[in-house]
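Peer 1: build the 3D model from these lines:
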Amino acid sequence: LLVVTSSPGGSYSNWWCSLFNADLALSVTMTAISTILSTIFLPLNLLVWSRFSYGDDIISNLDWTSLFIALVIVISAIALGLFCSARVHSHRFNMTANSIGNITGIALVIFSSTMSNSGSEDTKIWSRDWDFYVGVMLPCLLGLAIATASSSLLQL
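Peer 2: Numbering: from 1, shown residues only. Predicted coordinates for the structure are as follows:
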């Protein structure tokens, strides 16, 4: 849970922006910046919060190598996407890359849903009490409400 909450967000944001024709360049830029900063802040957050929550025994069990490999893969993918975007000036290439990205995004959602419901009965996401779903949903809804209210008040 600490790894997930310390990880940078944005990959689903990019997908949704692509689907609904929002400002994809801004979304990708923010994702790239948060991912690059995550190379420092993700391990730092894990170190700080796991030490406060669980003590030193958990820190010694964290797989730091896998963590940094995952970060390198994500940063490499962003760099490759930016490189292709800068070098290839073809509408057909852009549409093909966009289609591949959409298919991959849908596959990721399906894969995540499938994997979250595998395992023992205690770990299946669909077997939780109602308060779990409210606890997961509430921060998203509050964030959406605050963002909507702020943009309305500021007339953005």
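Peer 1: surely L71 is in contact with F41?
Peer 2: No: counting by Cβ atoms under 8 Å, L71 does not reach F41; the two are 10.7 Å apart. Any C-beta I mention is one placed from the backbone N, CA and C, and that applies to glycine too.
Peer 1: neighbour count winner among these two?
Peer 2: A direct count of neighbours by other Cβ atoms under 10 Å for L71 and F41 places L71 higher, at 19 against 15.
Peer 1: that one and T29, how far apart?
Peer 2: 18 Å (Cβ to Cβ, to the nearest Å).
Peer 1: same check on I36?
Peer 2: From I36 across to T29, the span is 11 Å (Cβ to Cβ).
Peer 1: show me where this structure dips below the pLDDT cut-off.
Peer 2: Within the chain, the segments meeting pLDDT under 70 span 1-12, 14-15, 55, 122-123, 125.
Peer 1: in it, which helix is the longest?
Peer 2: Using DSSP state H, we find that the single longest helix of the chain is helix 24-54.
Peer 1: buried residues in that one?
Peer 2: Within helix 24-54, the residues that qualify as buried are 24, 27-28, 30-32, 34-36, 38-39, 42-43, 45-46, 50, counting by 16 or more other Cβ atoms under 10 Å.
Peer 1: list the helices and strands it packs on?
Peer 2: Secondary-structure packing of helix 24-54 (3 or more Cβ pairs under 8 Å, 6 or more residues apart in numbering; DSSP states H and E): helix 2-6, helix 11-19, helix 56-61, helix 64-87.
Peer 1: do that again at 6 Å, thanks
Peer 2: helix 2-6, helix 11-19, helix 64-87 (3 or more Cβ pairs under 6 Å, 6 or more residues apart in numbering; DSSP states H and E).
Peer 1: no further questions, thank you.
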